[in-house]
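Colleague: for reference, the sequence and a predicted model appear below.
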Amino acid sequence: MTRYTGRCACGAVTATIAGAAIQVRQCWCRQCQRIAAGSPTTNAMFATEDIAIQGELTATSYVAASGNTLIQSFCGTCGTQVMGQSSARPQFRTLRLGFLDTPNDLAPQVAIWTEDAPAWAVIDTKLERYPRQPPPPAVKA
C-alpha cells in the first residue's frame with residue numbers, strides 16, 4: 001500500500017513510500033541551511049525498505065559536523081532536493097517534505113542542530129530540540 005508519493009519539479013524523479021514516517025525533523029545544521037536557502041530543511045524519516053525511487057538521482061557526500069558521512073540526493077535535471085542518508089543510520093532515509101506530493105500530515109516534531117540556527121530563526125517552542133545531533137528515533141512497532 002502506498003502511503004505517500006513524491007516527485008521533483010520536472011517529474012524525472014518520482015517515489016512511492018509504503019510506510020509511515022518514523023519522525024519529522026527540521027534540521028538547522030549549516031549544510032542544510034545551504035541547500036534550503038538559509039532556512040532549515042524539513043525532512044520526514046522513513047524506513048529505507050519502504051521507499052522506492054524511480055528515475056536517476058545525483059548525489060553528493062560529505063563528512064558532517066556529527067562525524068557521519070551524509071549523502072544528499074537530488075534530481076540532476078531540475079535540482080529538486082529529494083533525500084538525505086547518514087552512514088550512522090542506513091536503515092533510514094530522510095525525504096524532503098518539498099519533494100512529497102501531499103505531506104500535509106507530516107508536521108515537524110523535532111528541531112535539530114539548533115545551535116547552528118541564526119539569531120533570527122523562529123523555532124516552534126512545542127518542538128523537541130537538540131542543539132546538535134539527536135539520538136536515533138524510536139521505531140514504533
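Modeller: That came in fine, so what should we check first? Numbering: from 1, shown residues only.
Colleague: how near is T2 to I17?
Modeller: Distance from T2 to I17, counting by Cβ to Cβ, to the nearest Å: 7 Å. C-beta here means a position set from N, CA and C on the backbone, and glycine is covered the same way.
Colleague: neighbour count winner among these two?
Modeller: For T2 versus I17, neighbours defined as other Cβ atoms under 10 Å are more numerous around I17 (21 against 10).
Colleague: residues contacting that one?
Modeller: Counting by Cβ atoms under 8 Å, 6 or more residues apart in numbering, I17 makes contact with 2-6, 46, 50-52, 95, 100.
Colleague: if you rank the residues you listed by neighbours, which is first?
Modeller: Ranking the contacts of I17 using other Cβ under 10 Å puts L95 first, with 26 neighbours.
Colleague: helix, strand or coil for that residue?
Modeller: strand (DSSP: H, G, I helix; E, B strand; the rest coil).
Colleague: give me the secondary structure label for the nearest residue to it once chain neighbours are set aside.
Modeller: Among residues not flanking L95 along the chain, M83 sits closest, at 4.8 Å (Cβ to Cβ, 6 or more residues apart in numbering). Three-state call for M83 (three-state DSSP): strand.
Colleague: the chain: helices as residue ranges?
Modeller: Counting by DSSP state H, the segments of the chain that form helices are 30-35.
Colleague: would you confirm that A52 contacts T16?
Modeller: Yes - with contact defined as Cβ atoms under 8 Å, A52 reaches T16; the gap is 5.0 Å.
Colleague: now the worst-scoring helix or strand of the chain on mean pLDDT: how far from the chain's centre is it?
Modeller: Lowest on mean pLDDT, DSSP states H and E among the helices and strands of the chain sits helix 30-35, with a mean of 93. Here helix 30-35 shows a centroid-to-chain-centroid distance of 12 Å under the convention Cα atoms, centre = their mean, to the nearest Å.
Colleague: cool, stretch 94-110 as well?
Modeller: The answer for stretch 94-110 is 8 Å, by Cα atoms, centre = their mean.
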